[in-house]
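Colleague: take this sequence and fold it.
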Amino acid sequence: MQNIGEEICGEYLSHILRCDFITYNIVNPDIQGEIDVVGIKLVDKKIYVCEVATHTGGLQYVTNKRPDDYNRFYSKFKKDIEYAQTYFEGFIVIPMLWSPIVKISNKTAKYNTYSELIRLREKIKSEYQLDLQLMINESYNDALDSLKDFASKTTSAFNSPVMRMFQIEKSLDKHIKRLKKRGLIE
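Modeller: Numbers count the residues shown, from 1 in each chain. As a prediction, the model looks like this:
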(Lines give C-alpha, C1' and ligand atoms only; values in the text may rest on other atoms or scores of the structure.)
Protein backbone atom coordinates (compact mmCIF):
# COMPACT_ATOMS: atom_id res chain seq x y z
CA MET A 1 0.00 0.00 0.00
CA GLN A 2 1.32 3.43 -0.89
CA ASN A 3 2.03 6.17 1.63
CA ILE A 4 0.72 9.73 1.34
CA GLY A 5 3.77 11.01 -0.56
CA GLU A 6 3.57 8.16 -3.05
CA GLU A 7 -0.13 8.84 -3.56
CA ILE A 8 0.53 12.53 -4.25
CA CYS A 9 3.18 11.53 -6.80
CA GLY A 10 0.85 8.97 -8.41
CA GLU A 11 -2.06 11.41 -8.60
CA TYR A 12 0.21 13.97 -10.26
CA LEU A 13 1.34 11.40 -12.81
CA SER A 14 -2.26 10.43 -13.44
CA HIS A 15 -4.09 13.77 -13.54
CA ILE A 16 -1.43 16.30 -14.50
CA LEU A 17 0.97 14.29 -16.67
CA ARG A 18 -1.90 12.10 -17.94
CA CYS A 19 -0.21 8.71 -17.52
CA ASP A 20 -2.36 5.73 -18.52
CA PHE A 21 -1.11 3.42 -15.77
CA ILE A 22 0.15 4.15 -12.28
CA THR A 23 1.50 1.50 -9.95
CA TYR A 24 3.12 1.58 -6.55
CA ASN A 25 5.98 -0.26 -4.87
CA ILE A 26 7.06 -2.28 -7.88
CA VAL A 27 9.39 -5.07 -6.90
CA ASN A 28 12.27 -5.36 -9.33
CA PRO A 29 12.50 -9.07 -10.23
CA ASP A 30 16.20 -8.87 -11.07
CA ILE A 31 17.63 -7.25 -7.97
CA GLN A 32 16.68 -6.43 -4.42
CA GLY A 33 14.63 -3.25 -4.14
CA GLU A 34 11.47 -1.63 -5.32
CA ILE A 35 10.42 1.45 -7.22
CA ASP A 36 8.06 3.65 -5.20
CA VAL A 37 5.87 4.87 -8.07
CA VAL A 38 5.81 4.09 -11.78
CA GLY A 39 3.70 5.93 -14.34
CA ILE A 40 3.35 4.81 -17.94
CA LYS A 41 2.15 7.08 -20.73
CA LEU A 42 1.54 4.85 -23.72
CA VAL A 43 0.87 7.44 -26.42
CA ASP A 44 4.23 9.14 -25.80
CA LYS A 45 6.02 5.91 -24.84
CA LYS A 46 7.20 7.42 -21.55
CA ILE A 47 7.81 5.69 -18.24
CA TYR A 48 8.23 7.71 -15.07
CA VAL A 49 10.26 6.00 -12.34
CA CYS A 50 9.80 7.84 -9.06
CA GLU A 51 11.43 7.66 -5.68
CA VAL A 52 9.50 9.37 -2.90
CA ALA A 53 10.80 10.57 0.46
CA THR A 54 8.20 12.44 2.48
CA HIS A 55 10.08 13.86 5.44
CA THR A 56 8.58 16.97 7.02
CA GLY A 57 11.82 17.78 8.83
CA GLY A 58 13.79 17.82 5.62
CA LEU A 59 15.36 15.11 3.52
CA GLN A 60 18.48 13.55 4.94
CA TYR A 61 19.24 9.85 5.04
CA VAL A 62 22.09 8.76 7.27
CA THR A 63 24.31 5.66 7.26
CA ASN A 64 26.79 5.11 10.10
CA LYS A 65 25.93 8.60 11.45
CA ARG A 66 26.96 10.22 8.16
CA PRO A 67 24.71 11.83 5.51
CA ASP A 68 23.98 9.35 2.73
CA ASP A 69 21.45 10.93 0.36
CA TYR A 70 23.66 10.83 -2.72
CA ASN A 71 24.69 7.17 -2.39
CA ARG A 72 21.24 5.98 -1.37
CA PHE A 73 19.45 7.68 -4.25
CA TYR A 74 22.14 6.89 -6.80
CA SER A 75 21.76 3.21 -5.95
CA LYS A 76 17.96 3.42 -6.17
CA PHE A 77 17.86 5.32 -9.45
CA LYS A 78 20.51 3.08 -11.03
CA LYS A 79 18.24 0.09 -10.32
CA ASP A 80 15.09 1.98 -11.37
CA ILE A 81 16.53 3.20 -14.66
CA GLU A 82 18.03 -0.15 -15.58
CA TYR A 83 14.72 -1.87 -14.79
CA ALA A 84 12.81 0.59 -16.99
CA GLN A 85 15.32 0.32 -19.83
CA THR A 86 15.21 -3.49 -19.70
CA TYR A 87 11.45 -4.02 -19.45
CA PHE A 88 10.27 -0.95 -21.38
CA GLU A 89 12.62 -0.92 -24.32
CA GLY A 90 11.88 1.98 -26.63
CA PHE A 91 10.26 4.06 -23.88
CA ILE A 92 11.63 7.39 -22.73
CA VAL A 93 12.67 6.95 -19.10
CA ILE A 94 12.00 9.91 -16.81
CA PRO A 95 13.40 9.56 -13.29
CA MET A 96 11.81 11.73 -10.60
CA LEU A 97 12.66 12.36 -6.96
CA TRP A 98 9.74 13.59 -4.85
CA SER A 99 10.48 15.17 -1.49
CA PRO A 100 8.59 18.18 -0.10
CA ILE A 101 11.35 19.66 2.04
CA VAL A 102 14.99 19.71 1.01
CA LYS A 103 17.16 22.07 3.00
CA ILE A 104 19.61 24.33 1.22
CA SER A 105 22.62 25.13 3.38
CA ASN A 106 24.99 28.03 2.99
CA LYS A 107 28.17 27.54 1.00
CA THR A 108 30.34 27.00 4.08
CA ALA A 109 28.21 24.16 5.48
CA LYS A 110 29.90 20.79 5.88
CA TYR A 111 26.96 19.03 4.19
CA ASN A 112 24.28 20.36 1.87
CA THR A 113 21.44 18.01 0.92
CA TYR A 114 20.41 20.19 -2.02
CA SER A 115 23.96 20.20 -3.44
CA GLU A 116 24.07 16.42 -3.14
CA LEU A 117 20.86 16.13 -5.16
CA ILE A 118 22.29 18.41 -7.85
CA ARG A 119 25.39 16.19 -7.93
CA LEU A 120 23.08 13.17 -8.24
CA ARG A 121 21.21 14.78 -11.13
CA GLU A 122 24.53 15.48 -12.89
CA LYS A 123 25.71 11.86 -12.35
CA ILE A 124 22.48 10.44 -13.82
CA LYS A 125 22.76 12.84 -16.75
CA SER A 126 26.35 11.80 -17.50
CA GLU A 127 25.81 8.08 -16.96
CA TYR A 128 22.37 7.59 -18.55
CA GLN A 129 21.76 10.80 -20.52
CA LEU A 130 18.55 11.26 -18.51
CA ASP A 131 17.27 14.32 -16.67
CA LEU A 132 16.43 13.54 -13.06
CA GLN A 133 13.45 15.72 -12.19
CA LEU A 134 13.72 17.04 -8.66
CA MET A 135 10.18 17.52 -7.38
CA ILE A 136 11.34 19.30 -4.24
CA ASN A 137 10.58 22.53 -2.40
CA GLU A 138 8.92 24.94 -4.88
CA SER A 139 8.31 22.34 -7.60
CA TYR A 140 6.68 20.02 -5.03
CA ASN A 141 4.49 22.90 -3.91
CA ASP A 142 3.65 23.71 -7.54
CA ALA A 143 2.66 20.07 -8.06
CA LEU A 144 0.33 20.27 -5.04
CA ASP A 145 -1.20 23.48 -6.42
CA SER A 146 -1.74 21.80 -9.81
CA LEU A 147 -3.50 18.89 -8.13
CA LYS A 148 -5.67 21.23 -6.06
CA ASP A 149 -6.59 23.20 -9.17
CA PHE A 150 -7.47 20.00 -11.01
CA ALA A 151 -9.54 18.79 -8.06
CA SER A 152 -11.42 22.10 -7.86
CA LYS A 153 -12.59 21.72 -11.47
CA THR A 154 -13.88 18.17 -11.00
CA THR A 155 -17.37 17.67 -9.63
CA SER A 156 -17.45 13.91 -9.25
CA ALA A 157 -15.92 12.40 -6.12
CA PHE A 158 -12.39 11.03 -6.32
CA ASN A 159 -11.42 7.56 -5.15
CA SER A 160 -8.12 8.94 -3.91
CA PRO A 161 -8.38 10.33 -0.37
CA VAL A 162 -5.73 12.94 -1.25
CA MET A 163 -7.64 14.20 -4.27
CA ARG A 164 -10.94 14.09 -2.41
CA MET A 165 -9.40 16.19 0.37
CA PHE A 166 -8.10 18.73 -2.16
CA GLN A 167 -11.55 18.81 -3.75
CA ILE A 168 -13.26 19.41 -0.41
CA GLU A 169 -10.70 22.08 0.54
CA LYS A 170 -11.24 24.00 -2.70
CA SER A 171 -15.03 23.64 -2.51
CA LEU A 172 -14.98 24.92 1.06
CA ASP A 173 -12.82 27.90 0.01
CA LYS A 174 -15.37 28.82 -2.69
CA HIS A 175 -18.27 28.39 -0.27
CA ILE A 176 -16.65 30.62 2.39
CA LYS A 177 -15.91 33.33 -0.22
CA ARG A 178 -19.55 33.29 -1.37
CA LEU A 179 -20.81 33.56 2.19
CA LYS A 180 -18.46 36.48 2.90
CA LYS A 181 -19.41 38.23 -0.33
CA ARG A 182 -23.10 37.99 0.59
CA GLY A 183 -22.32 39.33 4.08
CA LEU A 184 -23.53 36.15 5.78
CA ILE A 185 -20.23 35.66 7.64
CA GLU A 186 -17.27 37.87 8.44
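
Colleague: use CA for all of it now, contacts and neighbours both
Modeller: Fine.

Colleague: where does this protein have low pLDDT?
Modeller: For the chain, the stretches with pLDDT under 70 are 60-65.

Colleague: can you map out the helices along it?
Modeller: 4-11, 69-87, 113-128, 137-152, 161-181 (DSSP state H).

Colleague: the third one vs helix 69-87, what angle?
Modeller: The one in question is helix 113-128. 30 degrees (axes from the mean of the first three to the mean of the last three CA atoms, to 10 degrees).

Colleague: buried residues in helix 113-128, which are they?
Modeller: T113, Y114, E116, L117, L120, R121, E122, K123, I124 (16 or more other CA atoms under 10 Å).

Colleague: surely the first one meets D69?
Modeller: Put plainly, it is T113. Yes: with contact defined as CA atoms under 8 Å, T113 counts as touching D69 (7.1 Å).

Colleague: follow-up on the earlier one: among the helices of the chain, which is nearest L59?
Modeller: helix 113-128 (7.2 Å; CA to CA).

Colleague: what helices and strands are in contact with the closest one?
Modeller: helix 69-87 (3 or more CA pairs under 8 Å, 6 or more residues apart in numbering; DSSP states H and E).

Colleague: which residues touch the helix it packs on?
Modeller: The contact list for helix 69-87 (CA atoms under 8 Å, 6 or more residues apart in numbering) reads 28, 31, 33-35, 47, 49, 51, 60-62, 91, 93, 95, 113, 116-117, 119-120, 124.

Colleague: mind listing what's buried along it?
Modeller: D69, Y70, F73, Y74, K76, F77, K79, D80, I81, Y83, A84.

Colleague: I'd like those residues as JSON lines, with distance to S14 appended.
Modeller: Formatted as JSON lines, these follow (distance: CA to CA, whole Å):
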{"residue": "D69", "distance to S14": "27"}
{"residue": "Y70", "distance to S14": "28"}
{"residue": "F73", "distance to S14": "24"}
{"residue": "Y74", "distance to S14": "26"}
{"residue": "K76", "distance to S14": "23"}
{"residue": "F77", "distance to S14": "21"}
{"residue": "K79", "distance to S14": "23"}
{"residue": "D80", "distance to S14": "19"}
{"residue": "I81", "distance to S14": "20"}
{"residue": "Y83", "distance to S14": "21"}
{"residue": "A84", "distance to S14": "18"}
